[in-house]
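1. A predicted structure for the sequence below; I have some questions about it.
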Amino acid sequence: MTARLSLYEKAENELYKLDRSVKGRFYDFCHRFRQNPDHPGLDLKPLKGDGRVFRAKIDQSYRALLAKAGVDERGQQRWLVVAVRHRKHVYEELSVAINRVTGEIEFVDLSVVGPSVLQRAGVTLTPIDQTPDPASDHEPAPPAQAAEVSEPATTAPLPAVEPAEPLLSGVTGEDLRELGVATQLIDLALAVTESAELDQLVSGAPLLTKDILYGLAAGMPIDEVRREITAPVDVRLPEEERHDLGAALARTTVTTIDDDVRDVLEEGDFRAWKVFLHPTQAKLVDRRYNGPARVSGGPGTGKTIVALHRVRHLAEQLPPGHNKPILLTTFTKNLTVDLRARLASLLDPELLARVEITHIDKLAARVLNENSLSGAGKQRIYDTVALGMLQQLLFELDEKRWEAEFLYEEWEQVILGQSLGNRKAYFEARRAGRGRSINRPERAQIWKILEQFTARLDKENRETWGQAAERAARFEMERAAKIQARQDHKDAVGGKDLIHRDDSSGMRYIGHRYRHVVVDEAQDLRPAHWKMLRAMVAPGPDDMFIAGDTHQRIYDQQVTLGTVGVNIRGRSSRLTLSYRTTQEILARAMQVVDTKGSTLAFDDLDDGADNLAGYRSVLRGPVPELVPCNSWDDELTQLATTIHTWREELASGDGGNGPRRDPRGNIAVCVADRDSVNQVMYYLATEAGITVAELTKDGVKGDGEVHVGTMHRFKGLEYQKLAIVGARDGVIPRTSVMNRYRETDPQRFLREERKSRSLLFVAATRARDTLRISWHGAPSPYLPRDHESLRVP
Ligand SMILES: Nc1ncnc2c1ncn2[C@@H]1O[C@H](COP(=O)(O)OP(=O)(O)OP(=O)(O)O)[C@@H](O)[C@H]1O
């Protein structure tokens, strides 16, 4: 009889870390197993635990652990490889279970649980075989999983000590069971007394168990854990399926082992992109929405991943064709490169060809080009240039009543933001969030100055990106109005063709540009961008999917989606589990945007407020390092030393405890301004022998190993190890800016503060494992004074 083999997600991740020769032998094993699982050479035997886990021989040293999941309709046996272990780490007690909440098969590796906890819970592990390893001289070290075990897994008696209070006091085994903790770990979890033991216990545990136990250990009440962690993944498993491994296999995230698996395994973790969506993420991807939908969530919770999978889902539903009915857009140019690369690994080329991937300003520019005579386009300028022109104008007019910055913002946010086309409209406009109120005569003065300013821009054939967005939105809205008028007329004449009318109006082929629009980094788009996007897609089911986090808004674009025709009411969801950042980094970063007790608040892109409640991680790592230095030179010297150490750590796989990584592109240095970028790059390259590459608007420039850029350039990216340098008071936030508004414009002051905090928050949450923040002089006031407070309990 032949067999179908699948690979458990965790086993797949562990396989990547194994020595190449073991991977090869595993592949041969799979091949033989699929041909005939009963072949005596495979030595397939049940473990004594629950009898549902079998071991089979890969070679002299390694064993595959498999669970039998029935026989399919064609009579083929179905097996799931739950782990690949050195035989010394295979124990008779290992078992699989079906999780009562998720309905998935769970394999729990008790061998990583520390002996103290095992002993307290009365669990003894019996190795399947204690004979010496005949190949030990030639074999590579046991897999990384085994290396994670810092203590032997057998239960040698420990000296008697005063029994300590359980870490999860106040929680019963029944509570844990009901919440969805893996059955095999319930008694052990209750026996844990220290957080280090908990770390060890959950290191081999399924994600749901990890999430629940960390939540409870951090003090989340049981009800909150049930609501935030358990309920979203509860499949309400029918009683009759509680023991059906075959049915559970269909719900479990697995990779089918076929002939392609060899290449996959040999190429290491080239499939790192292949994220198995968490059920809470998957639900957002597959759902049918009756209109625009929005997903929010803290950094690293997978908003971009969800947006990419959403694009795939939508692309798969498209009728055949050669056009591009899906738009995937984002705010920053360098992120589109990243989005394209990630989407390319997720979609077949034919489907990828149906998706337009472009950043929002480029999209607006394209609309303008289409609508202007060739050669008649304007030169687009950045805000800093335009502000300089306004300052010059005020100087020429000897106008001292208004500051250029104030007027520029009034223009950007009130006049352009609300598309106010004339003086009367400006007199009547709402100026919510603008702080200082202005009366009618003042509005008249402002309008007059700004009219002169825009006339000057026009005369010089220049326009700002804000103006360009506004014009593009207008063109698109006119186009949408025509489409609507055509449809209304068609409806009025009973659905007849409109050949005569269309031929005379050039309307025959006009339609909405896209069927679906997917937006990432939504928090930074301007109101005009939203109007343009709204007009580009027909209102209806699945029209817009919007991902963003207002805590990461680092440009000054505030928008209430409801006012620009994007109604997300009742279609908002929030992701809370970070897949990027460790608990330690998260605790630190959260302090930066912690607005409790202050008047700072973050919006939800609509009329409400957003928060990061429940934002958490199950990853652990070192506490972020906060490094005071004596001077800028001292900061640079210490930075270089740190980077040398990081390089070695990455190259050696943290001394053999983790996967070895090429330091290239895994280390980054983040600073507050362009000047510092140049100084850091120059120092590292010329004084420290470290090759560098700059993060620019267009992506990484050059192939140096350490990436250096300003905080703005780091949005959406991630690095294994990240240093933020120059995090000093006066720079984060800029004293000059804050002082200007502290007294004169309290609203603006708050906005600036929120923006600076968000910038540091974005920067700090780019780090996956290691974060180091240094400064000289006084530290940024957003950094915690008490460094101990960063320690996660
Ligand atoms: N279900 C998952 N399983 C494993 N890894 C995941 C999962 N979801 C996301 N990730 C990983 O977490 C990291 C962060 O994901 P992503 O960039 O989508 O987060 P984000 O919410 O958009 O972050 P940010 O707001 O900081 O831009 C990525 O490395 C991604 O591959």
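-> Looks like it came in fine.
2. Please make it C-alpha for all contacts and neighbour counts, starting now.
-> OK.
3. for the ligand, what are the nearby residues on the stretch 651-793 of the chain?
-> Within the stretch 651-793 of the chain, the positions near the ligand by CA under 6 Å from any ligand atom are G716.
4. could you point out where the stretch 651-793 of the chain is predicted with low confidence?
-> 654-660, 785-793 (pLDDT under 70).
5. Just give the nearest non-adjacent residue to the residue in it positioned nearest to the ligand, would you?
-> The minimum distance from the stretch 651-793 of the chain to the ligand, using CA to the nearest ligand atom, falls at G716 (3.7 Å). Sequence neighbours aside, L335 is the residue nearest to G716 in space, at 7.0 Å (criterion: CA to CA, 6 or more residues apart in numbering).
6. Just give me the residue closest to the centre of this protein.
-> The C-alpha lying nearest the average C-alpha coordinate of the chain belongs to G300 (CA atoms, centre = their mean; 3.1 Å).
7. thinking again about what came up before, isn't the residue nearest to G716 up against R713?
-> No: in this structure, L335 is not within contact of R713 by CA atoms under 8 Å, at 9.3 Å.
8. Would you state the strands of the stretch 201-350 of the chain in chain order?
-> With strands called from DSSP state E, counting those that start in this stretch, the stretch 201-350 of the chain shows them at 254-256, 293-297, 326-330.
9. could I get these as CSV with mean pLDDT and distance to E648?
-> Shown next, in CSV, are those (pLDDT from 0 to 100; distance: least, CA to CA, whole Å):
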stretch, mean pLDDT, distance to E648
strand 254-256, 80, 33
strand 293-297, 95, 34
strand 326-330, 97, 36
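10. ok so, going back, number of nearby residues for the residue of the stretch 651-793 of the chain closest to the ligand?
-> 21 (other CA atoms under 10 Å).
11. surely it meets K333?
-> No: using CA under 8 Å, G716 makes no contact with K333, being 11.2 Å away.
12. what domains does the record give for the chain?
-> 3-255, 277-378+514-575, 379-460, 614-790 (automatic domain parsing).
13. From V112, how far out is the closest residue to T126 other than its chain neighbours?
-> Nearest non-adjacent residue to T126, counting by CA to CA, 6+ apart: Y91, 5.2 Å away. Distance, Y91 to V112, using CA to CA, to the nearest Å: 11 Å.
14. how about the strands in the stretch 51-200 of the chain?
-> Counting by DSSP E, counting those that start in this stretch, the stretch 51-200 of the chain has strands at residues 53-57, 62-71, 77-86, 96-98, 105-107.
15. now, of those strands, which is deepest in the fold?
-> Neighbour counts (mean count of other CA atoms under 10 Å) averaged over each of those peak at strand 105-107, with a mean of 26.
16. For L352, grab phi and psi.
-> With angles defined as degrees, to the nearest 10, L352 sits at phi -60, psi -40.
17. my read: it touches S345, true?
-> No: assessed by CA under 8 Å, L352 is found out of contact with S345, at 9.5 Å.
18. Look at the two and report which has more neighbours.
-> When neighbours are counted by other CA under 10 Å, L352 and S345 differ, and L352 comes out ahead with 20 against 14.
19. What separation is there between the more buried one and the ligand?
-> Distance, L352 to the ligand, using CA to the nearest ligand atom, to the nearest Å: 19 Å.
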